[in-house]
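Novice: Requesting a structural model of the entry that follows:
(2 chains)
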Amino acid sequence: MSTSSTTPTHSLPVVSGGDMKNPASYKTIHLLSRIAGYFILIGLTLASIFPLVWMILMSLKDRSETYSGSFFPSKVTFSAYEYVFENLNITLYFWNSIKITLVTVLAVVFLATLAGYAFARIEFPGKQIIFLILLSTLMLPGAVLIIPLFLQLTDLNLIDTHYGLILAYVGGGLPFSMFLMRSFFQTLPSELVDAGRIDGASEFGIFWKIMLPLARPGIATITIFQFMSTWNEFIFAATFIHDPLMRPLQPSLFAMVGRYSTNWPALTAALTLSILPIVIVYILMQRQFVAGLTTGALKG
Amino acid sequence: MTETKRRALYGYLFILPTVVFFLVFIAFPFFRAIGISMTEWAGYDQPRFIGLKNFINMMNDRIFWIALKNTFFFMVATTILQTIIPLLVAVLLNAGWRGDVAYRTILFLPNIISLVVTGLLWRMIYDGNFGILNSALTTLGLAALKRQWLADPSTVMPAIIVVSLWASLGFYMVIFFAGLQSIPPELYEVASIDGANSWQKLVHITIPMLWPVTTVVMVINIIGGIKVFDVVYVMTTGGPNHASEVLGTYLYVTAFGATGGGSPSMGYASAVGVVILILSMIGTAIQLRLTGRRTDVY
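Specialist: Got it, this is the predicted structure:
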């Protein structure tokens, strides 16, 4: 989708009426509507960012100042961050999240690309029906699966392990990413595959050497999508892992509130740290991010 | 082996891992959930088959009806707000402004933040004693409006809906924005020549041309509303006294216990899950009707 800079296609539909035949009055109305437009846009933007600014400012306060009600800290201090690193095990949770997310994303991207390619470019009996069955579960609510998945992981002795959580994430993420990759491969010319076959390349060779390099934009999309949903996932992680030392970030942040509910600078410092990597990557590659996160809604 | 057969074999090989994951972690659990919904089972004892009794019991379960009503309220409110407001913002933004990329970047930002962080952050903002919302009201001389926002049954659902809007505005706005960019500029030029004003262009060109995108946004909202869980669970766990209970939180608390009290019931919770499933299927059917094609949005 296009995220390129806006081209003004029509004037602002905020003010209507007025004497359009009189150029001076039209100009005034136009100017007023421009000013009103800026007001609304800037107001909305401030409303969007305000909670995050408040969070960061709170994290820079001294604990004694938590409930002072003032917006800005009277003195900026990083003691809350020191506290989080020293007492709240945040590096461990980060490490758990990185490990789980990395393995999940690699597995989903590799397997979904492979399957998406097969569904798009290889003929085999039963292809359509298998594809439709995989597709039919895209709308399946996670809530329906959480109980049986919990039982399943218990049966497999995978509760309280990262493996169990990763397996559940990969299983849940594969159909959607596979579907996106299939759509993507269908946009690539099939002559390339035929040419590879004539040259005697193996099917895996065609996939790996010819198609994969061309599929980079599609791979970027599913990587970002899977990365975000895994990093931010909460309820599977909270349900399948009970050992506090094994937990990734999200359920750990949730648990912190119970134990440190009055230490707002420490809580907001932990929240700030938890979103920092994602916000940095988002600002650096926002075009790919926005595309990756909205493609799913528009494809079909 | 013929070339075609050999190729087909590779096809099966390439989809095998995906199919195995699907069978073990989606298909089998799915049928198991339906099976469990027809049992009486605490999770540790022997499950006992009771047919549709869980569903019959649901009819007389006051909390289930509260959860259903709240889910419905959340779904309708978010679908209306999270369609109209992002649409208007996208139209506004599309008119061309200095710094529009910056506005878009910031408006989308809440969407990349996890619902846990979002929920916890807003819990502090809404805090009745020390939250910034009540402090702001005091500063503005509106102290009479101060509330225990999340502890007051009359404000808890609207408060959660505001958070949902905050978190998703940029997401839907970007979808509308992409739709706006694909409207041919000639349409507006012709309308201008015919003397149409901005309002007429909005009503007669922009909104009709955006209808396909609008249905997609509405459907994502409807299905998302039926499935709502994280933001409610993090902010209130369904409280106070079930005032913000939705089907998702009711299922979870019934199955795994949280603050609810009473013994866990995997059977009954799974039955609630089946209700969520049926409602999402209805949502998907509406989607197919509206769009007239097989689109796939989760």
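Novice: from here on, contacts and neighbour counts on C-alpha atoms
Specialist: Fine.
Novice: so where is chain A shaky, pLDDT-wise?
Specialist: Confidence mapping of chain A against pLDDT under 70 gives the ranges A:1-24, A:69, A:296-300.
Novice: Centre of the chain to the host helix or strand of residue A:230, how far?
Specialist: In this structure, residue A:230 sits in helix A:216-232 according to DSSP states H and E. Averaging C-alpha positions (CA atoms, centre = their mean, to the nearest Å) puts helix A:216-232 7 Å from its chain's average.
Novice: Quick check: the gap between the residue nearest to the spatial centre of chain B and chain A.
Specialist: Here the mean C-alpha position of chain B is nearest to the C-alpha of residue B:224 (CA atoms, centre = their mean), at a distance of 2.3 Å. Distance, residue B:224 to chain A, using CA to the nearest CA, to the nearest Å: 9 Å.
Novice: and the strand or helix carrying that residue, what other elements does it pack with?
Specialist: Taking DSSP H and E as the definition, residue B:224 sits inside helix B:211-226. If you count contacts as 3 or more CA pairs under 8 Å, 6 or more residues apart in numbering or on different chains; DSSP states H and E, helix B:211-226 packs onto helix A:286-298, helix B:62-94, helix B:156-181, helix B:266-291.
Novice: outside of stretch A:81-94, which residues touch it?
Specialist: Stretch A:81-94 is contacted by residues A:59, A:245-249, A:252, A:266, A:269-270, A:274 when judged by CA atoms under 8 Å, 6 or more residues apart in numbering or on different chains.
Novice: what's the closest of these to chain B?
Specialist: The nearest member of these to chain B, counting by CA to the nearest CA, is residue A:274 at 8.3 Å.
Novice: Quick check: nearest residue in space to that closest one, chain neighbours excluded?
Specialist: Spatial nearest neighbour of residue A:274, excluding adjacent residues (CA to CA, 6 or more residues apart in numbering or on different chains): residue A:249 at 7.2 Å.
Novice: Domains of chain A: list them as residue ranges, please.
Specialist: According to automatic domain parsing, chain A comprises the domains A:23-78, A:89-259.
Novice: picking that back up, I'd like the mean pLDDT over the helix holding residue B:224, please.
Specialist: For helix B:211-226, mean pLDDT is 89.
Novice: before we move on, back to that, including mean neighbour count, could the domains of chain A go into TSV?
Specialist: Putting the domains of chain A into TSV (neighbours: other CA atoms under 10 Å in any protein chain shown) gives the following:
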stretch	mean neighbour count
domain A:23-78	16
domain A:89-259	19
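Novice: Turn those into a markdown table, columns for distance to residue B:173.
Specialist: Converted to a markdown table, those look like this (distance: least, CA to CA, whole Å):
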| stretch | distance to residue B:173 |
| --- | --- |
| domain A:23-78 | 12 |
| domain A:89-259 | 18 |
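Novice: out of these, nearest to residue B:71?
Specialist: In terms of CA to CA, the element of those nearest to residue B:71 is domain A:89-259, at 13.8 Å.
Novice: Can you name the element that comes right after the longest helix anywhere in chain A?
Specialist: Longest helix in chain A, counting residues (DSSP state H): helix A:23-59. Following helix A:23-59 in sequence order, the next helix or strand is helix A:79-87 (DSSP H and E).
Novice: chain center to stretch A:39-48: distance?
Specialist: Mean-position distance between stretch A:39-48 and its chain equals 24 Å (CA atoms, centre = their mean).
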